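Peer 1: from the sequence below, what's the structure:
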Amino acid sequence: MNELKRAIVTGATSGIGQSTVQALIDSGRQVLAVGRRADRLEALADKTGTSILAADVRDKEVLDGAIEDFSPDILVNNAGVGHGIDGLEDMDPAHIQEAIDINVTAPIQITAAVLKGMRARGNGHIVNIGSIAGLHTLVSALYGSTKAAIHLFSQNLRFELAGSGIRVTEICPGRVASGFYTAAKGDREKLDKMKQSGIRELQPEDIAASILFAIDAPSHVNVAMIEVLPTDQAIGGVKLHTIGE
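Peer 2: Residues are numbered from 1 along each chain as shown. So this is what the prediction gives:
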């Protein structure tokens with residue numbers, strides 16, 4: 001294990017976040033698990049021994065204070081929402097803004113808050129959970145654009161931090177078995193159909209393993225991006241639409 005010992009994981013109450021907390025704890029690290037559901041965080045703490053913070057990632061004041069107290073050298077920006085994954089039409093403006101605030105603004109602000117300490121120590125690792133929707137054209141103008149923002153944020157941040165000892169990794173999953181579609185806001189009938197993929201999906205533990213692979217790489221190695229798909233899933237091709245179809 002490298003010298004990075006203290007990790008903050010957002011969106012830690014389920015799915016990828018919860019599995020990442022477990023993987024980091026199992027690797028011998030101290031973890032601060034952040035999420036909105038206090039009961040789930042308490043159960044996670046009982047199971048893993050992680051420290052917990054019940055907070056919304058949009059609450060900058062609370063997150064800034066926690067970061068100053070915990071002094072992380074690893075940040076996993078995992079919290080996110082799938083609003084608009086089924087399409088933009090008829091989306092509530094409040095849900096559009098929520099997607100931008102949680103998927104884009106919050107991880108950028110949290111990253112900004114951890115950088116001072118990482119720079120002072122001369123090391124650190126930022127892990128951003130993106131999506132294949134941020135890399136490829138899918139039916140998700142809102143969700144895809146928020147994840148595309150995270151993709152370019154990761155790319156440019158890596159350039160900004162070159163020579164600082166701080167690494168930046170972007171993890172871009174495909175289909176993962178989680179509560180993603182259930183929690184998303186949009187057309188419920190469409191979202192329920194989208195949940196039925198008909199393939200063997202990735203498990204949250206698979207993404208957690210990818211995160212640990214990047215973090216545990218030697219300090220001179222930056223795993224810049226990992227695109228992780230189920231074996232049964234592939235991205236590409238063209239679907240043609242004609243008037244009246």
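Peer 1: what about Asp86, helix or strand, and which?
Peer 2: Using DSSP states H and E, Asp86 sits in no helix or strand.
Peer 1: scratch that, Ile171 is what I was asking about
Peer 2: Assigning secondary structure by DSSP H and E places Ile171 in strand 166-173.
Peer 1: same check on Ala112?
Peer 2: Counting by DSSP H and E, Ala112 is found in helix 106-121.
Peer 1: export the strand holding Ile171 as CSV, just CAs?
Peer 2: What follows is strand 166-173, C-alpha atoms only, in CSV (Å, rounded to 0.1, in the frame of the first residue of the first chain):
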residue,chain,number,x,y,z
ILE,A,166,-1.4,15.0,-6.7
ARG,A,167,-3.0,12.4,-9.0
VAL,A,168,-6.4,12.6,-10.7
THR,A,169,-8.3,9.5,-11.8
GLU,A,170,-11.7,9.3,-13.6
ILE,A,171,-13.7,6.1,-13.4
CYS,A,172,-16.3,5.7,-16.1
PRO,A,173,-18.7,2.8,-15.4
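Peer 1: got the angle for that strand vs helix 106-121?
Peer 2: Angle of strand 166-173 versus helix 106-121, following axes from the mean of the first three to the mean of the last three C-alpha atoms, to 10 degrees, is 150 degrees.
Peer 1: distance of Leu24 from Gly174?
Peer 2: Noted for Leu24: a distance of 23 Å to Gly174, by C-beta to C-beta, to the nearest Å. Backbone N, C-alpha and C define where each C-beta goes, glycine included.
Peer 1: what does Gly124 give?
Peer 2: 28 Å.
Peer 1: between those two, which one's more packed in?
Peer 2: Higher neighbour count among Gly124 and Gly174: Gly124, with 23 against 20, using other C-beta atoms under 10 Å.
Peer 1: state the distance from the spatially closest residue to the more buried one that is not a sequence neighbour to Val168.
Peer 2: In space, not counting the residues next to it along the chain, Gly124 is nearest to Met118; the distance is 3.0 Å by C-beta to C-beta, 6 or more residues apart in numbering. Distance, Met118 to Val168, using C-beta to C-beta: 11 Å.
Peer 1: quick one, phi psi at Val127?
Peer 2: Per-residue torsions, Val127: phi -120, psi 120 (degrees, to the nearest 10).
Peer 1: now Ser131
Peer 2: Main-chain torsions, Ser131, degrees, to the nearest 10: phi -170, psi 150.
Peer 1: I figured Val34 hits Thr50, correct?
Peer 2: No - with contact defined as C-beta atoms under 8 Å, Val34 does not reach Thr50; the gap is 10.2 Å.
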